[in-house]
Structures are given as C-alpha cells and as structure tokens.
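Q: Sequence plus predicted model, see below.
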Amino acid sequence: MKTNSVNISFSQKLTDFKTLVKFRLNLLVLFSAVVAFLIASGGRFAWIELIVLSLGGFLVTGAANALNQVLEKDIDKLMKRTENRPLASGRMTVSKAVLYAGLMSVAGLIFLAMFNPLTALLGAFSLILYAFVYTPMKKVSSIAVLIGAIPGALPTMIGCVAFSGGITELAIVLFGIQFFWQFPHFWAIAWVGYEDYAKAGYFLLPSKDGERDKNAGFQSLLYTIVLIAISLMPYFMGVTGFISVIVLTIVGIIYAYYSWNLYKQCTKEAALKLMFCSFIYLPVALLVLLIDLL
C-alpha cells in the first residue's frame, strides 16, 4: 500500500509539472521553432542541432509558463479552466515553481547560446516579455493580445536565427506568419471562454470594453487577409515553390472565411469553428513551406 501511495504521489507530481510548463502548448511552440530551423537550413542540419534546439526551446518556454502561473495563481483560482493548476490548487508551492522556472531558464538559455548569442538573447527577450509584460497587462487592456503575439511568434525567428546566426528576411517572414495567425486564434479562444475570463477580470476581445461583438470577427478577417499575403512571401523570395502558394492560399481563404463567419454570426459556435481552424492552419502552413522547400 505504501509503494502504491508513492507511485500515485509521483504520478501527480509529474502531471503537475506538465501542467506547470503547459506541456501541449509548449510542444506547439517547439514545433514552430524546429520547423523554422529546418526551413532556414534547407534540410542541411545535424540531428544534434535539433536536439539542442528542442531542449533549449522547451526549457525556456516552460520557464515562461511557470512564471506566468506564479504571477496568476490567485487569478487562476477564479476560472474553471485553471482552478486545478498546481499553484492555484495548492499542490505546489510558489518557491518550488520559481525554482523550477529559474533552473529551466538558465539551462534553456545555455542550450540556445550553443548556436549563437543572438538566439539566446531572443529566447531571454521572449521569456521576459511573456512573463513580466504580457501576463500583468492582461488585467489592464486588450492590447495584451498584441504584446503576447510577439513572444508567441518569436519561436520561428529563434529557429531561423539558430541556423543563420542573424535576423534574415526569411526569419522576419516566418515571424510575421505566426504573429498575424495569433490574433484570430486568440480572439476565438477569448470568445469561447469569455465567461471564464470575465470572472478573472480579463476582457481581451478587441471591442471598446473587451466584450463580445462583431469587431472580433471583423478584425480577425483583416488579420487573415494580411496573413495570406505574408504567407506567399517565401515563394516571391525564391525560397519555396508554387505548391506552397496554392496550399497556403486555400488554407488562408478558409481561415478568412471562418473569421468572416464569426463577424456575420457573432456566436460562440462560430468562434469555436474559428478556433479549431486556427489549430489546423499553423502546422499545415509551416509543414507545407518545409515540404515545398525540400
């Protein structure tokens, strides 16, 4: 019985750590950085480089997520979707979470610095901006979405810089794709979880008072139109072929359609469809660019 109790305790601790670093979200961030690295390298890479980039990216992102939960532990208690997080529920102490964040940030930045100093600098900038600017700003203004989109898009730039050693045109374009993708994505999430966010005092939709209205759908549509234009840039730069133009235009139009649908219907169901579409768009876009390049 004692052994079983220890096993359960270890299992819970492991689950809590995965929640602390936002494991699934972390993997999406990592995916963006790795695919951007592969695109920048043109398929010329060593597996050890991917391992080092993956470790560095995972640890830095995990540290940012841990600090986010330290700063929001009292707010997380108010929302159903976050009330069972380890800090909000009291299963993990703040000191332990800060220790984890400190160790992960140092180790992660060391891994990123193995490529070049700029990669580590961008990683540190992303961590600081997400944890200490975006996180508190969510209680102040919906401009937090704009601020959060910067560290949210930096993984693609970090992946490119890790290979090239500098901020290239390709790095800027890939950053732009992930940057503009985020606005419809996040506003759809904010719309679907509006009641929960409101309990915590978060009003993140792009209306005057951060409430639900047609403005979220309309602005999402504008961002998806810009996104379509930016996603075609790798072709005009001579990086990818015409296949990516066709696929990215199609998925971009679909993304724009669901944004328009939210504008016209102004319902939770429409926001849910836009949210699921956003989950599909980014991995498809990055993988198509990679495959067309190779």
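A: Ah, there it is. Numbers count the residues shown, from 1 in each chain.
Q: CA atoms for contacts and neighbours, from now on please.
A: Fine.
Q: The most centrally placed residue in the chain sits in which helix or strand?
A: Centroid-nearest residue in the chain, with C-alpha atoms, centre = their mean: Gly152, separated by 4.3 Å. Mapping Gly152 onto the secondary structure by DSSP states H and E places it in helix 144-164.
Q: Return the list of helices and strands in contact with that helix.
A: The contact analysis (3 or more C-alpha pairs under 8 Å, 6 or more residues apart in numbering; DSSP states H and E) places helix 144-164 against helix 23-41, helix 47-71, helix 117-129, helix 169-192.
Q: same question for that helix, mean pLDDT?
A: Averaged across helix 144-164, the pLDDT comes to 96.
Q: what angle sits between it and helix 169-192?
A: Taking axes from the mean of the first three to the mean of the last three C-alpha atoms, to 10 degrees, helix 144-164 and helix 169-192 form an angle of 150 degrees between their directions.
Q: Report the backbone C-alpha coordinates of helix 144-164 in PDB.
A: Extracted in PDB, the C-alpha atoms of helix 144-164 (Å, rounded to 0.1, in the frame of the first residue of the first chain):
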ATOM      1  CA  ALA A 144      -2.100  42.500 -24.100                       C
ATOM      2  CA  VAL A 145      -3.000  40.400 -27.100                       C
ATOM      3  CA  LEU A 146      -0.700  42.500 -29.300                       C
ATOM      4  CA  ILE A 147       2.100  42.200 -26.700                       C
ATOM      5  CA  GLY A 148       1.600  38.500 -26.300                       C
ATOM      6  CA  ALA A 149       1.700  37.900 -30.000                       C
ATOM      7  CA  ILE A 150       5.400  39.000 -30.100                       C
ATOM      8  CA  PRO A 151       6.800  36.200 -27.800                       C
ATOM      9  CA  GLY A 152       4.200  33.900 -29.400                       C
ATOM     10  CA  ALA A 153       5.800  34.400 -32.800                       C
ATOM     11  CA  LEU A 154       9.400  34.600 -31.700                       C
ATOM     12  CA  PRO A 155       9.900  30.700 -31.800                       C
ATOM     13  CA  THR A 156      10.000  30.900 -35.600                       C
ATOM     14  CA  MET A 157      12.600  33.600 -35.600                       C
ATOM     15  CA  ILE A 158      14.600  31.800 -32.900                       C
ATOM     16  CA  GLY A 159      14.600  28.700 -35.100                       C
ATOM     17  CA  CYS A 160      15.900  30.700 -38.100                       C
ATOM     18  CA  VAL A 161      18.500  32.600 -36.100                       C
ATOM     19  CA  ALA A 162      19.800  29.400 -34.600                       C
ATOM     20  CA  PHE A 163      20.800  28.300 -38.100                       C
ATOM     21  CA  SER A 164      21.700  31.500 -39.800                       C
END
